[in-house]
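**Q** sequence? don't have it. structure:
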């Protein structure tokens, strides 16, 4: 028997390490205790899986330190009744059963800190196949047949970038992995590195072989300490085992790999800004051409792909480009990983074939809205993406269909919103992010996003004016047309899509000075209904600013000038005596 504790960042945050340490103190009846990364069911963490004969037989969810004794007793006796209250439900099993996993195929299954686990799960077999039986051109052809497009957001054909770098003159070339992942709500790349770091290394090595690079660099944000630590360990293990370094698998192919921890600038998701940061400069985009394939890192031919792109490569080499291309749609092949967050019942990592619909992800896999509230919209592609309304819930997930809505695929962030979300406030949230993350190199992005944010803040504060919507649209198109890089060119998307689909909310904020969702603090007011208030004092006792007064068993009142509109009074009232309007 093997007991596996899920120790990705989500699991650790929920208490997985405490669970493991508690299990270490118990008599596990000879069972082996080990760890894995994130299986993707973040909403059920901490998760403990029990294996027999290398087959998972029990998945325990929301495990606490106190449950360690139950698990130990089960390990000793095999009596399932002891852990019955911890077993994952049949309904929650659908979260994984309805997915198709390629990039995530080993995540949450193997120990990310043990090379043998990866090798025993077919690891490095694709690298061996590629460099011992295929030419670089044949590798590129397989990737071309697969239809693999960059999963970092742009969706550019991977083979084309590899081929351009391959054909560029120069003996010294670089292969770079973009693991910066700056989108709010996105954690796909982090999970892959934390859970299956050797898969990234193998994909990168195959890419390096294809373009003729002997140096590979992973640019990862410093806010991912666990990912960095596990990747460092994996690089050390792979080097010692001969998968990295000189004469790999006895061939002439040599490649070393290093890690660069970035400062977490969103603009470094743009490849030339990333290169500037790698070279020790401020992360600001370069003018193109020349493109990185001709003049990139240290002005040498370079290729950049993100983590998820590389995570697919070894599977494609082993299974053939045709197998990958058989999944998805005509213009969008294979699978895509999404980080599903927000007002959804089952949040976590989802990998599905392109061609599924938003409804498939949000309702079939994600289980619908928390509290069974009404689905309102989903933000696709992070701050560079756009809001897709409930009326378009059957939109197919591929690059073309999502683009037609005004949103983008992006790197895979999917923020789900219900009826309580203010769409003007959501647009302001993303504009606040992009305005702060603008590198400042071009006026359109630096000044334009700031002016847009000021207008949105004015609207949500109740000071909107006639013409603000039209002014926002004018600024949006000016920024899109004039910005230097992708950050500025896509920054207006959340504003444009929310105006397109939720213009009535903008008009209500401006003309009626109301927030239909009841979320903008400046436009709402709390009051107590006299004939419902029982004078229990719960609201007054829980008010953080003492804005509620009244005697026991008498009607209370709210001082609207002191009220900070936190909503704690409504949460604590047992008689529905407090209303928000």
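**A** Received, thanks. Because the structure is predicted, anything quoted here is derived from the model rather than measured.

**Q** test my guess that residue 396 contacts residue 360.
**A** No: using Cβ atoms under 8 Å, residue 396 makes no contact with residue 360, being 9.6 Å away. All C-beta atoms are positioned from the backbone trio N, CA, C, and that covers glycine.

**Q** more neighbours: which of these two?
**A** A count of neighbours by other Cβ atoms under 10 Å puts residue 360 above the other of residue 396 and residue 360, at 19 against 16.

**Q** quick check: that one is in a strand.
**A** No: under DSSP: H, G, I helix; E, B strand; the rest coil, residue 360 falls outside any strand and is assigned helix.

**Q** so what pLDDT did it get?
**A** At residue 360, the pLDDT value in this model is 97.

**Q** which one is it nearest to, not counting chain neighbours?
**A** Sequence neighbours aside, residue 352 is the residue nearest to residue 360 in space, at 6.9 Å (criterion: Cβ to Cβ, 6 or more residues apart in numbering).

**Q** let me see the contact set for that neighbour.
**A** Residue 352 sits next to 98, 99, 100, 335, 336, 338, 360, 361, 365, 397 when contact means Cβ atoms under 8 Å, 6 or more residues apart in numbering.

**Q** the third one falls within a strand, correct?
**A** No: assessed by three-state DSSP, residue 100 does not belong to a strand; its assignment is coil.

**Q** state the number of residues packed around it.
**A** By other Cβ under 10 Å, 13 other residues sit near residue 100.

**Q** next one: phi and psi at it?
**A** phi -120, psi 110 (degrees, to the nearest 10).

**Q** does it really touch residue 326, like I thought?
**A** No: with contacts defined as Cβ under 8 Å, residue 100 does not count as touching residue 326, sitting 11.2 Å away.

**Q** re earlier: what is the nearest of the contacts of residue 352 to residue 302?
**A** residue 336 (25.1 Å; Cβ to Cβ).

**Q** excluding covalently adjacent residues, which one is nearest to the closest one?
**A** Closest to residue 336 by Cβ to Cβ, 6+ apart is residue 354, at 5.8 Å.

**Q** what pLDDT, on average, does the host helix or strand of residue 96 get?
**A** If you go by DSSP states H and E, residue 96 is part of helix 90-97. For helix 90-97, mean pLDDT is 96.

**Q** so what's residue 182 up against?
**A** Residue 182 makes contact with 221, 264, 265, 266, 268, 269, 382, 437, according to Cβ under 8 Å, 6+ apart.

**Q** again, only this time at 10 Å
**A** By Cβ atoms under 10 Å, 6 or more residues apart in numbering, the contact list for residue 182 reads 221, 223, 262, 264-269, 382-384, 411, 433, 437, 487.

**Q** now do the SS call for it.
**A** Criterion first, three-state DSSP; result for residue 182: coil.

**Q** check the one 3 residues further on too.
**A** Remark: residue 185 carries the secondary structure label coil [criterion: three-state DSSP].

**Q** in a strand, residue 257, correct?
**A** Yes: Residue 257: assigned to a strand according to three-state DSSP.

**Q** in the sheet, who's paired with the nearest residue to it once chain neighbours are set aside?
**A** Closest residue to residue 257 in three dimensions, ignoring its sequence neighbours and counting by Cβ to Cβ, 6+ apart: residue 216, at 4.4 Å. Counting by DSSP bridges, residue 216 is bridged to residue 175, residue 257.

**Q** partners of the helix or strand where the residue nearest to residue 360 lies in the sheet?
**A** Residue 352 belongs to strand 348-353 when assigned by DSSP H and E. If you go by DSSP bridges, strand 348-353 pairs up with strand 335-342 (antiparallel).

**Q** shouldn't residue 565 be in contact with residue 543?
**A** No: contact criterion Cβ atoms under 10 Å: residue 565 and residue 543 do not qualify, at 11.1 Å.

**Q** what touches both of the two?
**A** Counting by Cβ under 10 Å, 6+ apart, the contacts common to residue 565 and residue 543 are residue 558.

**Q** from residue 408, how far out is the spatially closest residue to residue 490 that is not a sequence neighbour?
**A** The spatial neighbour of residue 490 that comes closest, neighbours along the chain excluded (Cβ to Cβ, 6+ apart), is residue 384 at 3.7 Å. Separation of residue 384 from residue 408 (Cβ to Cβ, to the nearest Å): 7 Å.

**Q** the more surrounded of the two?
**A** The neighbour comparison of residue 384 against residue 408 (other Cβ under 10 Å) goes to residue 384, with 28 against 21.

**Q** for the residue positioned nearest the centre of the chain, give me its contacts.
**A** Centroid-nearest residue in the chain: residue 186, 2.0 Å away (criterion: Cα atoms, centre = their mean). Applying Cβ under 10 Å, 6+ apart, one finds that residue 186 lies in contact with 337, 338, 339, 341, 381, 382, 410, 411, 412, 413, 414, 415.

**Q** let's go with 7 Å and repeat that
**A** Residue 186 sits next to 339, 382, 411, 412, 413 when contact means Cβ atoms under 7 Å, 6 or more residues apart in numbering.

**Q** ok so residue 194 is a strand residue?
**A** No: per three-state DSSP, residue 194 lies outside any strand segment and is helix.

**Q** wait, it sits on residue 112?
**A** Yes: counting by Cβ atoms under 7 Å, residue 194 touches residue 112, with 6.3 Å between them.

**Q** from residue 290, how far out is the closest residue in space to residue 445 that isn't next to it in sequence?
**A** Of all residues not flanking residue 445 in the chain, residue 488 sits nearest, at 3.1 Å (Cβ to Cβ, 6+ apart). Note on residue 488: its distance to residue 290, by Cβ to Cβ, is 21 Å.

**Q** enumerate every residue touching the closest residue to residue 168 other than its chain neighbours.
**A** Using Cβ to Cβ, 6+ apart and skipping residues adjacent in sequence, the residue nearest residue 168 is residue 301, 3.7 Å away. Neighbour list for residue 301: 165, 168, 170, 173, 293, 294 [criterion: Cβ under 7 Å, 6+ apart].

**Q** kindly give a single PyMOL line that selects the buried subset of the residues you listed.
**A** Filtering those down to the buried ones (16 or more other Cβ atoms under 10 Å) takes a single PyMOL command:
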select buried, resi 165+168+173+293+294
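
**Q** save the contacts of residue 301 as TSV, and put in secondary structure, pLDDT and distance to residue 56 too.
**A** Below are these laid out as TSV (DSSP: H, G, I helix; E, B strand; the rest coil; pLDDT from 0 to 100; distance: Cβ to Cβ, whole Å):
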residue	secondary structure	pLDDT	distance to residue 56
165	helix	97	41
168	coil	96	46
170	coil	90	48
173	coil	98	42
293	coil	96	43
294	coil	96	48
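
**Q** confidence score at residue 265?
**A** Here the pLDDT value assigned to residue 265 is 87.

**Q** how many neighbours does it have?
**A** Counted with other Cβ under 10 Å, the neighbours of residue 265 add up to 20.

**Q** now do the contacts for the closest residue to it other than its chain neighbours.
**A** Among residues not flanking residue 265 along the chain, residue 283 sits closest, at 4.5 Å (Cβ to Cβ, 6+ apart). Counting by Cβ under 7 Å, 6+ apart, residue 283 touches 265, 267, 268, 273, 274, 276, 277, 439.

**Q** and the pLDDT at residue 283?
**A** pLDDT for residue 283: 92.

**Q** three-state assignment of it?
**A** coil.
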